[in-house]
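A.B. asks: Give me a 3D structure for the following:
(chains A and B)
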2 protein chains.
Amino acid sequence: MTPKLRFADFRVGQKFRSPGTVTVTVADIKEFAHKFDPQPFHLDDEAADAGPFKGLAASGWHTAAMTMRLIVEGGLPIAGGLIGAGIDELRWQQAVRPGDVLAVECEVLEVIESQSRPGQGRLRVAMRTLLPDGTMVQSLVATLVVRG
Amino acid sequence: MTPKLRFADFRVGQKFRSPGTVTVTVADIKEFAHKFDPQPFHLDDEAADAGPFKGLAASGWHTAAMTMRLIVEGGLPIAGGLIGAGIDELRWQQAVRPGDVLAVECEVLEVIESQSRPGQGRLRVAMRTLLPDGTMVQSLVATLVVRG
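C.D. replies: Have a look, this model is predicted:
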């Protein structure tokens, strides 16, 4: 277990990497799409081959959700949990395919102490979802609420 | 069925509303959290009561995924499908609770024609996820790729 960090422990430039990975499967892609993004190119192999991604690809929201799992499971060890105030600059650089193995790297961009509650505040953190060779498939900047 | 629109049909200021709604359930909140955001305050009633949301609340990524479903099911009728290039300014204004009924309103903010491929391009669209009384629970700005 990575020890969990409190607000005072964070510094601009700190980097963290998820201890685990997620391996994306055809079944997972289709199950997520069936529930939340039921477009033919996320659901059906033939439609996917003819579609914009030239093959089956995960919904971008599925990639975001898998990223969250990696973060919660130690990718960013914040005491008190991961509470998002908002997300900016969410981008999908490359389609996520069956068999892809995802990990997440986090980098602290800003540490913003609360004026009304010293010792706690917000972090702005870049989160990059990566394949084993370092190819980035998703990036975002999260604003997180961190207690003291 | 709402007729589907092509790039040339879009204008700044157009508004669309999802024809359907999603009713959030305890089971849905816990199932999503179990898979993608396994934090106690999304999984367990007692931990949720003691947690930051003072009661069970959906993962923000679950709200985003439910929003996508409403958009795909007619909330924004784009011929060729909904292909996101990126998301900005994703905010969660209020915790989403069991029993909440969500709908989505879209507003076209920008219509950006491709320089290399006239007749197609990108849209920037504000998407607001709303309760029946108009309370906003999530907002974002999506950049979508639209074919001609």
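A.B. asks: May I have the strands that pair with the longest strand anywhere in chain A, each with its orientation?
C.D. replies: Counting residues, the longest strand in chain A under DSSP state E turns out to be strand A:101-113. Within its sheet, and counting by DSSP bridges, strand A:101-113 is paired with strand A:15-17 (antiparallel), strand A:22-23 (antiparallel), strand A:121-130 (antiparallel).
A.B. asks: Give me the contact list for that strand.
C.D. replies: Strand A:101-113 is contacted from outside by A:7, A:10-18, A:20-24, A:63, A:66-67, A:70-71, A:75-76, A:96, A:119-132, A:137, A:141, using C-beta atoms under 8 Å, 6 or more residues apart in numbering or on different chains. Heads up, the C-betas are built off the backbone N, CA and C, glycines and all.
A.B. asks: and the residues you listed, which are buried?
C.D. replies: A:7, A:10, A:14, A:16, A:18, A:22, A:24, A:63, A:66-67, A:70-71, A:75-76, A:96, A:120-125, A:127-131, A:137, A:141 (16 or more other C-beta atoms under 10 Å in any protein chain shown).
A.B. asks: for the most centrally placed residue in chain A, what are its contacts?
C.D. replies: Computing the C-alpha centroid of chain A and ranking residues by C-alpha atoms, centre = their mean puts A:Thr67 first, at 2.8 Å. A:Thr67 is in contact with A:Leu102, A:Val104, A:Met127, A:Thr129, A:Gln138, A:Leu140, counting by C-beta under 8 Å, 6+ apart.
A.B. asks: Check what pLDDT the closest residue to the first one other than its chain neighbours gets.
C.D. replies: Nearest-residue entry for A:Leu102: A:Val22, 4.8 Å, with adjacent residues in sequence omitted and distances by C-beta to C-beta, 6 or more residues apart in numbering or on different chains. pLDDT, the model's per-residue confidence, is 97 for A:Val22.
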